[in-house]
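>>> just to be clear, the model below is a prediction. Sequence and coordinates:
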Amino acid sequence: MKQNINNIFTIAQKEFADNVWSPRFAVLMFIFLGISFSYTYKIKFGSSFIDAVQTIAIFAPAIGIALGFDAVVKERRRNSLNVLLTHPVFRDNIITGKILGAMMTLALVVFLVIAVITGTSLIISGKLANFSELSRLFIFGILTFLYLLVFLSIGIFTSVITKSEINSLTCGIIAWLNLCVVFGATVMIIATVVTGYSLFDMDDNQQFRELTYDLQKLSPIHHYAEASIGVSDLSMGSIINQETIKGVLDTSYTLGEWAGEFWENVVVLAVISIVLIILSYLIFLRQDITR
Amino acid sequence: METMIETDGLTKSFGKENEIVAVDSLTLQVGAGEIFGFVGPNGAGKTTTMKMLIGLLEPSSGSGRVAGFDIVREVIRIREVTGVLPEPAGYYDNLTARQNLRFYGKLYDIEEKDREERVVELLKLVGLGHAIDQKIGGFSTGMLKRFGLAQALINEPSILFLDEPTSGIDPLGAQEMRDLVSNLSRDRGVTVFLSSHSMTEVEEICDRIGVISKGRLIAVGTVEELRDMVREKEGVSYLLEVSGLAAKEVALALERIGRVHSVEVSDGGIRLLADKGARMEIAEVVKRSGGAVTRFEGERMDLQRVFLRLIGA
C-alpha cells in the first residue's frame, strides 16, 4: 500500500514537472494570463466583471484539454508504458498518478488566474480585499477548478480512447468549441427549430426561452456561469438569464444563501468529471497497452 | 542448481474463441546464474512468453513461477526482483539519462542517497558515463539500448529479461552489449532470459537455448546438444577424399551402406549424408574397397543452420 501511494506520487510529480516545464504550457499560460489581466483591467473603463469571468469560461478550458489530451496516448505511442509496466507499478497507479499530476497543474493554473484577477482588481481599486471577499474568491477558485477539471477529464478520456495525440487533441478541441464557444448559438438554433419561435419574436418567445434555458443545462459552462456570477450562459452568442443572486461574488447574499441556490451546479460539475475519470480508468485497465 | 524460471504447460490464446494460440503448452526451467537464449521466427511466441513471465499478460492456462513467485498472483513481487529490457522500449525524451533513471529508481523502495549513487554507477557501467546529463531525446539507438539495460538493473535484479537487446545497433555496440550481459551473469550471478534473432549472439553468450516455433517449444539444450538433435534426426554431412581408388567406385561402395543416405561426387571430393555414428563404418568400407582416406570431415553446422533445421525451414 505504502509503495502504491509512493508510486502514484512519483508519477504525479513527474507529470506535474513535465507539464509546468513544457513550452506548450508556458505559451498557453502567458496568453491566458494576459487576457485575464486585460479583461480585468478593462473594469476600470466601465467593463463588468462578467467579461473577466467569461474569458475564463470560454478560453481556460483549452488549458484543461491541453493538460490531458496526451497524458496516456503519448506514453503508449512512444512505448514508455511498456517500460514503466516492467517496474513494480500497477496500471491504476499509472493513471491515478497522471490524473493527480494534471490536477496539481490545474490547481496552479487556477491559483495564477485568481492571483492575476485579484492583483489587477487591487491595482484598479487601490483597496485590499477583506476576509469575506477573499473567502468568496477562494470559493470562486474552487468553482473554476471544478469547471476546468471537466475539460481536463475530457482530455484524459480522449487520450485513453484514441490512438494518436492528434486525434485526441482534435476530439478535445471539438468538445471545447461545442461546449464553450458556440454552445449558446447552437442551443438557440435548436430552440428556434423545435419551437418555431426565435429570440426576435419579442411578444411570444416564452417557449423558446424556456427550451433554451433547459438546453443550456447540458453544458458545463452553464453550471459554472450560474454558480460563479448567476447568469445562465457565458458562451458566445447566447441569451442570458440573470439569477437573483449574482453568483458567489455577490456580497449582498450570504454564502449559505448562495450554496442553497447553486449547490446543484457544483454537484453537476463534480459529477461530470468523476464519471469521465471513472470511464477513463475502466477503459485503460482493460486495454492491452503493451502492444 | 536453483530454478529461477519455470513454466508448466503455459499457454496463451487470443481471439474471441481463443482460436489464435500464441504460446502452446510451454514447459521449461531456467537455473540460477544461467544465460538462457530464447529463439524463434517472428510471431513464434517469444515476446508473448516473456510478457507472461513478467506479468504483463495473463496466461490462458498452465502456470509459471519466476524467482519462486507465481506469474499471475505475485506479479509485483516478480517485478521487484527482475529487470526487463522490452522491445520496443521508450523513455522520456525531455529528461536526461540521470533524471530518467532516477524516476525509475523512485518506483522502488531505495534510499535517496543509494539511489543517486546507483544511478551514476549504472550509467557508467553501461558506458553512458559521458552522457549522464544529456537528454535521452538526443541518444542514438545504441545509447538507448545501453540506457535500457541500465534501467533494467536499477533494482539490482536477480533475473534479467532481455528482448532483442542488440537489435538496431552496430556490430561494435552489439559486442559490447553482449560482453556486458555475460559479465553480469558471471560477476553478479544474474540469471538472464534472452530473446534474440541473432544466432551469433545466442551461440556466443548463452549457456542453453530454447527454440520456439508456432508457439511450441521444439528443442532445449546447449548449442552442441541442439546440433546433436539435428544430426540424430537428419544425419551428418561429411566431406571425404580418398586416394588409390576412383571416387565413383568409392561412391558405389558407400551407397550400399544402410546408414548412408546420399552420396554425391564432386570436384572437391565425395559429399555424403550419413547417420551420426556411421563414421567408422564408412572408413572401414573405403579401406576394404582398397582406398585410403586422406580427408574425412564432418560438417560443422553453425547455430543458424541448426535453428533452420529445427524449425523445419
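It's in. Numbering: from 1, shown residues only, chains lettered A, B, ... in the order given.
>>> next one: the residue in the stretch 151-300 of chain B positioned nearest to chain A relative to residue B:57, how far apart?
Nearest residue of the stretch 151-300 of chain B to chain A, counting by Cβ to the nearest Cβ: residue B:151, 6.7 Å away. Yep, even glycine has a C-beta here, placed from its N, CA and C like the rest. As judged by Cβ to Cβ, to the nearest Å, residue B:151 and residue B:57 stand 21 Å apart.
>>> low-confidence regions, the chain specifically.
You didn't pick a chain, so chain A it is. A:199, A:201-203, A:289-291 (pLDDT under 70).
>>> could you do chain B instead?
B:313.
>>> how about the residues of it by chain A?
By Cβ under 8 Å from any Cβ of the partner chain, the residues of chain B that approach chain A are B:51, B:54, B:56-57, B:76, B:79-80, B:82-84, B:86, B:88-94, B:103-104, B:106-109, B:148, B:151-152, B:155, B:161.
>>> can you say which of the residues you listed are buried?
Neighbour-count burial within the residues of chain B next to chain A applies to B:51, B:54, B:56-57, B:79-80, B:82-84, B:86, B:89-92, B:103-104, B:106-108, B:148, B:151-152, B:155, B:161; the criterion is 16 or more other Cβ atoms under 10 Å in any protein chain shown.
>>> measure how buried residue A:91 is and give me the count.
16 (other Cβ atoms under 10 Å in any protein chain shown).
>>> actually residue A:273, not the one I typed
Around residue A:273 there are 24 residues (other Cβ under 10 Å).
>>> okay, buried residues for the strand or helix carrying it please.
Secondary structure from DSSP states H and E places residue A:273 in helix A:255-286. Using 16+ other Cβ under 10 Å as the test for burial, helix A:255-286 gives A:258, A:261-262, A:265-266, A:268-269, A:272-273, A:276-277, A:280-281, A:284.
>>> pull out the buried positions in the longest helix seen in chain B.
Longest helix of chain B, by residue count under DSSP state H: helix B:171-188. Neighbour counts over helix B:171-188 (16+ other Cβ under 10 Å) mark B:173-174, B:176-178, B:180-181, B:184-185 as buried.
>>> beta partners of residue B:243?
On the basis of DSSP bridges, residue B:243 is bridged to residue B:292.
>>> from the chain's centre, how far out does the helix holding residue A:273 sit?
Averaging C-alpha positions (Cα atoms, centre = their mean, to the nearest Å) puts helix A:255-286 12 Å from its chain's average.
>>> ditto for stretch A:142-152
Worked out by Cα atoms, centre = their mean, stretch A:142-152 lies 4 Å from the chain centre.
>>> can you give me the helices in the stretch 151-300 of chain B?
B:171-188, B:199-205, B:223-234, B:247-255, B:279-288 (DSSP state H, counting those that start in this stretch).
>>> CA atoms only: put the fourth one into PDB for me.
When you say that, I think you mean helix B:247-255. The C-alpha atoms that make up helix B:247-255 are tabulated as PDB, following Å, rounded to 0.1, in the frame of the first residue of the first chain:
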ATOM      1  CA  ALA B 247      35.800 -41.500 -56.500                       C
ATOM      2  CA  LYS B 248      32.900 -43.200 -58.400                       C
ATOM      3  CA  GLU B 249      34.000 -46.600 -57.200                       C
ATOM      4  CA  VAL B 250      34.100 -45.400 -53.600                       C
ATOM      5  CA  ALA B 251      30.700 -43.800 -54.000                       C
ATOM      6  CA  LEU B 252      29.200 -47.100 -55.300                       C
ATOM      7  CA  ALA B 253      30.600 -48.900 -52.300                       C
ATOM      8  CA  LEU B 254      29.300 -46.300 -49.900                       C
ATOM      9  CA  GLU B 255      25.800 -46.300 -51.300                       C
END
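>>> who touches that helix?
B:240, B:242, B:260, B:263-265, B:269-270, B:272, B:282, B:285-286, B:288-289, B:291 (Cβ atoms under 8 Å, 6 or more residues apart in numbering or on different chains).
>>> ok, of those residues, which come out buried?
For the contacts of helix B:247-255, buried by 16+ other Cβ under 10 Å: B:240, B:242, B:260, B:263, B:265, B:269-270, B:272, B:282, B:285-286, B:291.
>>> quick revisit: so what's the residue of the stretch 151-300 of chain B closest to chain A up against?
Contacts of residue B:151 by Cβ under 8 Å, 6+ apart are A:83, B:83, B:85, B:91, B:100-101, B:104.
>>> if you set the cut-off to 7 Å instead, what comes out?
A:83, B:101, B:104 (Cβ atoms under 7 Å, 6 or more residues apart in numbering or on different chains).
>>> and residue B:139, how far from chain A?
13 Å (Cβ to the nearest Cβ, to the nearest Å).
>>> please name the nearest non-neighbouring residue to that residue.
residue B:147 (6.5 Å; Cβ to Cβ, 6 or more residues apart in numbering or on different chains).
>>> between the contacts of residue B:151, which is closest to residue B:197?
residue A:83 (20.6 Å; Cβ to Cβ).
>>> so the closest one, which of the three states?
Using DSSP: H, G, I helix; E, B strand; the rest coil, the secondary structure recorded for residue A:83 is helix.
>>> list the single closest residue to it in space, sequence neighbours excluded.
residue B:89 (5.1 Å).
>>> need the phi and psi values for the one you found.
phi -130, psi 140 (degrees, to the nearest 10).
>>> go on, residue B:107?
Torsion angles, degrees, to the nearest 10, at residue B:107: phi -80, psi 0.
>>> so it touches residue A:88, yeah?
Yes: Residue B:107 is within contact range of residue A:88, at 6.3 Å (criterion: Cβ atoms under 7 Å).
>>> which SSE is residue B:122 in?
helix B:112-125.
>>> what sits up against that helix?
B:97-98, B:101-102, B:105, B:129, B:132, B:150, B:153-154.
>>> alpha carbons of it, as PDB, please.
In PDB, the C-alpha atoms belonging to helix B:112-125 read as follows (Å, rounded to 0.1, in the frame of the first residue of the first chain):
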ATOM      1  CA  GLU B 112      17.600   8.500  -1.900                       C
ATOM      2  CA  LYS B 113      21.400   8.500  -1.300                       C
ATOM      3  CA  ASP B 114      21.800   4.900  -2.500                       C
ATOM      4  CA  ARG B 115      19.500   5.700  -5.500                       C
ATOM      5  CA  GLU B 116      21.600   8.600  -6.600                       C
ATOM      6  CA  GLU B 117      24.900   6.600  -6.300                       C
ATOM      7  CA  ARG B 118      23.300   3.700  -8.200                       C
ATOM      8  CA  VAL B 119      22.100   5.900 -11.000                       C
ATOM      9  CA  VAL B 120      25.600   7.200 -11.700                       C
ATOM     10  CA  GLU B 121      27.200   3.800 -11.200                       C
ATOM     11  CA  LEU B 122      24.800   2.100 -13.600                       C
ATOM     12  CA  LEU B 123      25.200   4.700 -16.300                       C
ATOM     13  CA  LYS B 124      29.000   4.300 -16.100                       C
ATOM     14  CA  LEU B 125      28.600   0.500 -16.100                       C
END
